[in-house]
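Student: Sequence first, then the predicted structure, then my questions.
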Number of protein chains: 2
Amino acid sequence: MLHTNINKIWSELQQNEQLEQFRKMPSEQSQQFFWELSSRDQAHLLLSMPVDQRFFWMRALEPDDAADAIQEAPIESRQALLSCLDPSTHNEVTGLLAYREDVAGGLMSPRFATLRANMTVAQALAYLRRQAREHVETVYYVYIVNAQECLIGVSSLRELFAAPPEAPIKSVMKHDFVRAREEMDQEELSRLFAEHDLLAIPVVDSQGKMKGIVTIDDIVDVVQEEATEDIQKIGGSEALHAPYLEISLLDMIKKRAGWLVLLFLSEMLTTNAMAQYQSEIAKAVVLAVFIPLIISSGGNSGSQASTLVVRAMALGQVDLKDWWKVFRRELMVGLALGLIIGAIGLIRILAWQQIFPQAYGPHYILIAATVALSLICIVLWGGISGSMLPFILRKLGLDPASASAPFVATLVDVTGLVIYFSMAGFILHFGNNLFRIPG
Amino acid sequence: MLHTNINKIWSELQQNEQLEQFRKMPSEQSQQFFWELSSRDQAHLLLSMPVDQRFFWMRALEPDDAADAIQEAPIESRQALLSCLDPSTHNEVTGLLAYREDVAGGLMSPRFATLRANMTVAQALAYLRRQAREHVETVYYVYIVNAQECLIGVSSLRELFAAPPEAPIKSVMKHDFVRAREEMDQEELSRLFAEHDLLAIPVVDSQGKMKGIVTIDDIVDVVQEEATEDIQKIGGSEALHAPYLEISLLDMIKKRAGWLVLLFLSEMLTTNAMAQYQSEIAKAVVLAVFIPLIISSGGNSGSQASTLVVRAMALGQVDLKDWWKVFRRELMVGLALGLIIGAIGLIRILAWQQIFPQAYGPHYILIAATVALSLICIVLWGGISGSMLPFILRKLGLDPASASAPFVATLVDVTGLVIYFSMAGFILHFGNNLFRIPG
């Protein structure tokens, strides 16, 4: 099997600074190797080459790949890469660089095959045969434009291939087809590919003029990249934008310290809440024993709810206007989960007290009731707040994936303490009066 | 724009039971609609149709899509769907159903275009033109097999198109190409697509016989699905395997209760740990005030580390043998993050004491030292254990994504308490002797 793990080879190359190895590769192998590198690694490699070689390798890239590599290079080095291109590709790439990397315009290739509606199928095939030799990105779909370069129809090589040679293109082409605007976000674009099972989607401007095509192989990368960013955010870091073993230690610390500090500062509110309850703890130290158990249960329920909602939003299954449906679901689910967890907590305390009669003191029934009722409320509250936070972030124009598991846990910790100690104050006070247990 | 959100339409269809709407669609629109449904929804719709219609719609599916829809149907209804197919498709689909859904064999289509090496390009194109009319899944790549049906070369329609018509196929085809074995896992397969930028990969058996092709549009779905499963596990649930708003409440509770209960039972260890330290808390209630802050910091650092490592493993960037590299990284990063968080904690306590002189009592310097040193150790410990847990799970043959944020936080909570109270015992004892502060 040909398959060699490019990431591995490349990270070794980098680590041992064996660029020599790349130069010594037979030319066919080195081309394949170069094409399969990530844009980031292509940029690194290009910048580490002598200028004459850089010319050769830069020109081996398709315009959209060249634009990607340039965008991955440090700003001060971009001109050095751009200047390697021939004038016409230079123009194409400069055009692509004007788009943000994560929209249809930034992903598209400006090389595609266009036809006129009044050609015959035979003429079209003869024309495409010449195009296929001249490295058009894909000739599997063909795009039919009018005199103003506006896209009016789409066909595929397969359809032309199967059609009678003398038929005019306009009788073969589809008038009703999927297209994307230049500024369409890559996440929306990837949903469009998934829904319609297409190999390429044409990109048009506001006048309907054909600007380029996005091919599905770029979308696989987009989907992986978006999922990676979301996962890293859900775990409570910033997105790394680089492989785990390749990012520098300093960058790694920067990407993690920001959120960690923010979470720490928020969690300091628990210290304030706890300080309010010091006298309750002094009266019944046993209350402190359950603090980690209680607050973590809320955090766990919250992080389940938030990650499920964040992912459903990313997949387009849940929209802002669905908040009420989600709220109702989480109310029912949170209540059910709270009852399960509360019941286990109750049984645990009562059972433990039977085995170790000194465990929780004379008020153990009240303690058990406090813990169980608090668990029900906190698990429910965790689910509700975890599921609603992504909606609030999205409404504010922020990334819902920032509703990370640690962030939700931190929010729920503070309110969890308030719920627990309020419940304790109420039950112990009420219970003492009711049963006349000496306080 | 044609793009209509299929999920939305379908969930409305389901909820309002307006299957009538589907029947009333003009036939072209209803076909498009049907093809774009998920396999799950296709199965539902097929089973809700009268038998004569089911025949028609079942036969409108390609064999791999038909197999997917059948696999999504309840076991007792699968035969009803399978029996709608014509005998030859029935055989093909039965063959596909023998594979697990998540391996190359389960994803492949058995309809592909094969050629013999001694054909000319012109003969091949004429042959492919007939194939294109007969609904071969894709004719964009062509596969060259020998008399034993073993795959010996690959070419593309584009390459044939650009080649001289009289050239023999064997002079055009590539001998060195990417292929997958039937049992290759879909995650590995998706990495193969990403590395080689291919539209389709041929699947061969252990003798090298050509069995089918996997096309990239199926891989986009696989990549989304794998990421969704990982994200849901990282958030501390089981994978839902259904859209958030469509899964039944009971299933939702089942998918979440298991992990929530397991986490709760593990977190109960904190209750035991805390019970050990009740006398310390009784002596210095102020220690309890910092418990949530301290343990959550370890959990946050741990969930950052575990999600980064889990994702790097899924992308193939980190392998079992890299554990030592990861360990060294996390040691450095954890130490740096611990120092940052510890310093903030120290400053916070000392500053607070200046503003509210009664806040932490006469021992406040010792308290501050205990909290700061504990934070350093716990943040470091969180990072190390969070990053090593996915390796341990993988080594045991379990899914590394089970090292969820809540799971890591729970593990770190228990050890965090032990670290904090040991530190407190040591520093308060040692400090009291040193400064002769009355205990």
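Tutor: That came through fine. Numbering: from 1, shown residues only, chains lettered A, B, ... in the order given.
Student: Please report the distance of A:Lys211 from A:Ala288.
Tutor: Distance from A:Lys211 to A:Ala288, counting by C-beta to C-beta, to the nearest Å: 64 Å. Every residue, glycine included, has its C-beta placed from N, CA and C.
Student: Those two - which one has more neighbours?
Tutor: Neighbours were counted for A:Lys211 and for A:Ala288 using other C-beta atoms under 10 Å in any protein chain shown; A:Ala288 has more, 25 against 21.
Student: three-state assignment of the more buried one?
Tutor: Here A:Ala288 is recorded as helix under DSSP: H, G, I helix; E, B strand; the rest coil.
Student: What sits closest to A:Phe112 if chain neighbours are left out?
Tutor: Using C-beta to C-beta, 6 or more residues apart in numbering or on different chains and skipping the chain neighbours, the partner closest in space to A:Phe112 is A:Ile213 (4.5 Å).
Student: Contacts only, for the one you found.
Tutor: A:Ile213 is in contact with A:Met108, A:Ser109, A:Phe112, A:Glu137, A:Thr138, A:Tyr141, A:Tyr143, A:Ala200, A:Ile201, A:Pro202, A:Val203, counting by C-beta atoms under 8 Å, 6 or more residues apart in numbering or on different chains.
Student: Which helix or strand contains the last one?
Tutor: Under the assignment given by DSSP states H and E, the secondary-structure element containing A:Val203 is strand A:200-204.
Student: Run the chain-centre distance for stretch A:156-167.
Tutor: Put simply, stretch A:156-167 sits 40 Å off its chain's centre (C-alpha atoms, centre = their mean, to the nearest Å).
Student: In the stretch 1-150 of chain A, what residue spans correspond to helices?
Tutor: A:6-16, A:19-24, A:27-36, A:39-47, A:51-59, A:63-72, A:78-82, A:87-97, A:104-107, A:121-133 (DSSP state H, counting those that start in this stretch).
Student: that older thread, following element in sequence after the helix or strand the residue nearest to A:Phe112 falls within, please.
Tutor: When elements are assigned from DSSP H and E, A:Ile213 belongs to strand A:210-215. Elements were assigned by DSSP H and E; along the chain past strand A:210-215, the next helix or strand is helix A:216-234.
Student: so the closest residue to A:Leu337 other than its chain neighbours is in which element?
Tutor: Leaving aside its chain neighbours, A:Leu337 sits nearest to A:Val379 (5.2 Å; criterion: C-beta to C-beta, 6+ apart). Using DSSP H and E, A:Val379 maps to helix A:364-395.
Student: could you point out which element follows that helix?
Tutor: Per DSSP H and E, the first helix or strand lying C-terminal to helix A:364-395 is helix A:405-435.
Student: For the stretch 301-439 of chain A, what lies in contact range of chain B?
Tutor: Residues of the stretch 301-439 of chain A lying near chain B by C-beta under 8 Å from any C-beta of the partner chain: A:301, A:303-304, A:306-312, A:315-318, A:322, A:325-326, A:329, A:332-333, A:336-337, A:340-341, A:344-345, A:348, A:359, A:379, A:404-406, A:409-410, A:413, A:417.
Student: 6 Å instead, please
Tutor: For the stretch 301-439 of chain A, the residues in contact with chain B (C-beta under 6 Å from any C-beta of the partner chain) are A:303-304, A:307-308, A:311-312, A:317-318, A:332-333, A:336-337, A:340-341, A:405-406, A:413.
Student: ditto for the stretch 51-200 of chain A
Tutor: So the stretch 51-200 of chain A meets chain B at A:129, A:132-133, A:139-140, A:158, A:161-162, A:176, A:178, A:192-195, A:197 (C-beta under 6 Å from any C-beta).
Student: Narrow these to just the buried residues.
Tutor: A:Arg129, A:Ala132, A:Val139, A:Tyr140, A:Arg158, A:Phe161, A:Ala162, A:Val178, A:Leu192, A:Phe193, A:Ala194, A:Glu195 (16 or more other C-beta atoms under 10 Å in any protein chain shown).
Student: tell me which element the fifth one falls in.
Tutor: Same thing as A:Arg158. Under the assignment here (DSSP H and E), A:Arg158 is part of helix A:157-162.
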